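A.B. asks: need coordinates for the following:
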Amino acid sequence: MATSRAGGLLRSPGQAQQATFLELLFDVVFVFGLFRHNQWLFENMTWSGIFRTLVLLLALWWVWSRVAGATDRFDPQRPSIQLLVIASMFGVLVMAAAVPEAFGKWGWAFAGAYVAIQLGVSAVLALLVRGHEAQRVFLRLLFWSGLSAVPWIAGAVAHGTARLALWTLAVVVDYMAAGLRLPTPGLGRLDRSELAITGEHLAERFRQFFIIALGELFLITGMAYGNNGFAVEHSAAILVYFATIVLFWRIYIYRAGELLAEAIAAAGDPLRLTITTTYAQPIMVAGLIATANCVRHVVGQPFGHVQLIWLAMILGGPALFLAGRGIFEYAVFARVSRNRLIGVLVLAAISPAMIRAPRLVSSIAAALVLAGIAISDTARARGRPPEPPSPPG
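C.D. replies: Residues are numbered from 1 along each chain as shown. Here you go, the predicted model:
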């Protein structure tokens, strides 16, 4: 009886794989989350601030991936699953609201919400499928969520560098556990046969989150335009960043972004491909956040001197995006296009010359590198049949 009830909560093979409106609503909360990360980083533009933002971003992404994984495995039309998504949505709202003081007085709110989501989702799903073979998956997740909860809570109690160190450890535990397939005493590692991955649904969810991140970049760009006026120099900077956003979209979607669902279906080990893609996405989003933070800096004074840390963001944002995109491409095609690697190398090579250049010139240089990659993608594909996905074996 329990097995039958649990089976009714899981997605059936013939079920529609499109994302539901509730899942899209869940994504909307991350608009606020990404905005808070951008806001905090802009006000704390130091090497330490960059690292702290990365730790918080990785935590935010891990929450999204956990809930997206739940709705990929379970029927999101079921009331119990919908309540779980809504509760997680509120937790994300708390995390996002706490970001500006996450390393200050609101550390307990950020860590508490994160731990509550991770433990809550795992525990509820394990209870919902009790007696079903799928329960083993969520018991492993519950075990590792409990382990990572220790440094998260300890970090909330600690202060300063100790908090950063403990939260870094917690993030490493979460990501490392997934990469090792959740080895758990008494249950062993997660086997690919234990997790039915719905390729079309999961691919759509990854694309939707990336579009949310691009939307955040549009929001920051539009706000910078409105705040600085429509003078020629400001309009020129806005045009550069508008083109940069479009190029991010083009490079992401062509062609690995289009073929992820087919790659998951064709993969001998869909779980491995999904884990790799899950790692690649926050790297690309981090690149978008770095770029978003540069918009106000460049648009405000397009011909101003650029400091080293800002130059690292102007050129490093696209470089991070290309690095994550390379990992994503490898997951789909078992190879990385040379133009991605060349793009990263060119961005690194031009950085010494950009130290004395105006901010706008550095931004144009980064956009030109992205444009070169997009153009070479189009030229390479012209006159050739579309390349099918061929994920690593």
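
A.B. asks: what are the buried residues along the helix or strand hosting Leu288?
C.D. replies: Using DSSP states H and E, Leu288 falls within helix 270-300. Buried residues in helix 270-300, counted by 16 or more other C-beta atoms under 10 Å: 270-299. The way it works is simple: take the backbone N, C-alpha and C, and place the C-beta from them, glycine included.

A.B. asks: go on, stretch 328-342?
C.D. replies: For stretch 328-342, a neighbour-count test (16+ other C-beta under 10 Å) marks 328-333, 336-337, 339-340, 342 as buried.

A.B. asks: among those residues, which are in helices?
C.D. replies: When the buried residues of stretch 328-342 are checked against helices (DSSP state H), the matches are 328-333, 339-340, 342.

A.B. asks: what's the helix holding Leu288 packed up against?
C.D. replies: Using 3 or more C-beta pairs under 8 Å, 6 or more residues apart in numbering; DSSP states H and E, the elements in contact with helix 270-300 are helix 21-43, helix 47-73, helix 160-179, helix 199-228, helix 232-252, helix 258-266, helix 308-333, helix 359-381.

A.B. asks: and Glu387, which of these is closest to it?
C.D. replies: With C-beta to C-beta as the measure, helix 308-333 is the member of these nearest Glu387 (7.0 Å).

A.B. asks: which strands or helices does the closest one pack on?
C.D. replies: Checking 3+ C-beta pairs under 8 Å, 6+ apart, helix 308-333 ends up next to helix 47-73, helix 232-252, helix 258-266, helix 270-300, helix 338-354, helix 359-381.

A.B. asks: for the ones you listed, which one ends up most surrounded?
C.D. replies: With neighbours taken as mean count of other C-beta atoms under 10 Å, the helices and strands packed on helix 308-333 reach their highest mean count in helix 270-300, at a mean of 23.

A.B. asks: tell me what angle that helix forms with helix 359-381.
C.D. replies: Between helix 270-300 and helix 359-381, the angle comes out at 140 degrees (axes from the mean of the first three to the mean of the last three C-alpha atoms, to 10 degrees).

A.B. asks: so where's the stretch 151-300 of the chain shaky on pLDDT?
C.D. replies: Scanning the stretch 151-300 of the chain for pLDDT under 70 picks out no residues.

A.B. asks: can you tell me the closest non-neighbouring residue to the residue most central in space within the chain?
C.D. replies: In the chain, the centroid-proximal residue (C-alpha atoms, centre = their mean) is Pro282; its distance is 3.0 Å. Of all residues not flanking Pro282 in the chain, Trp61 sits nearest, at 4.2 Å (C-beta to C-beta, 6 or more residues apart in numbering).

A.B. asks: quick check: pLDDT value at Met1.
C.D. replies: The score at Met1 is 49. That number is its pLDDT.

A.B. asks: hmm, Ala323 is touching Val344, no?
C.D. replies: Yes. If you go by C-beta atoms under 8 Å, Ala323 and Val344 touch, sitting 6.2 Å apart.

A.B. asks: circling back to that earlier point, can you redo the helices and strands packed on helix 270-300 as a markdown table with distance to Leu127?
C.D. replies: Output for the helices and strands packed on helix 270-300, formatted as a markdown table (distance: least, C-beta to C-beta, whole Å):
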| stretch | distance to Leu127 |
| --- | --- |
| helix 21-43 | 21 |
| helix 47-73 | 13 |
| helix 160-179 | 21 |
| helix 199-228 | 23 |
| helix 232-252 | 37 |
| helix 258-266 | 28 |
| helix 308-333 | 33 |
| helix 359-381 | 47 |
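
A.B. asks: out of the ones you listed, which comes closest to Ala123?
C.D. replies: Comparing the helices and strands packed on helix 270-300 by C-beta to C-beta, helix 47-73 comes nearest, at 12.0 Å.

A.B. asks: the inter-axis angle of that closest one versus helix 199-228?
C.D. replies: Using the same axes, to 10 degrees: helix 47-73 against helix 199-228 is 140 degrees.

A.B. asks: which SSE is immediately downstream of helix 47-73?
C.D. replies: Per DSSP H and E, the first helix or strand lying C-terminal to helix 47-73 is helix 79-98.

A.B. asks: and the angle from that next one to helix 21-43?
C.D. replies: In terms of direction (the same axes, to 10 degrees), helix 79-98 departs from helix 21-43 by 10 degrees.

A.B. asks: start the count at 6 instead of 1 going forward.
C.D. replies: In the new numbering, first residue 6, that becomes helix 84-103.

A.B. asks: re the thing from before, can you tell me which of the buried residues of stretch 333-347 is nearest Leu187?
C.D. replies: Nearest member of those to Leu187, counting by C-beta to C-beta, is Ala336, at 19.2 Å.
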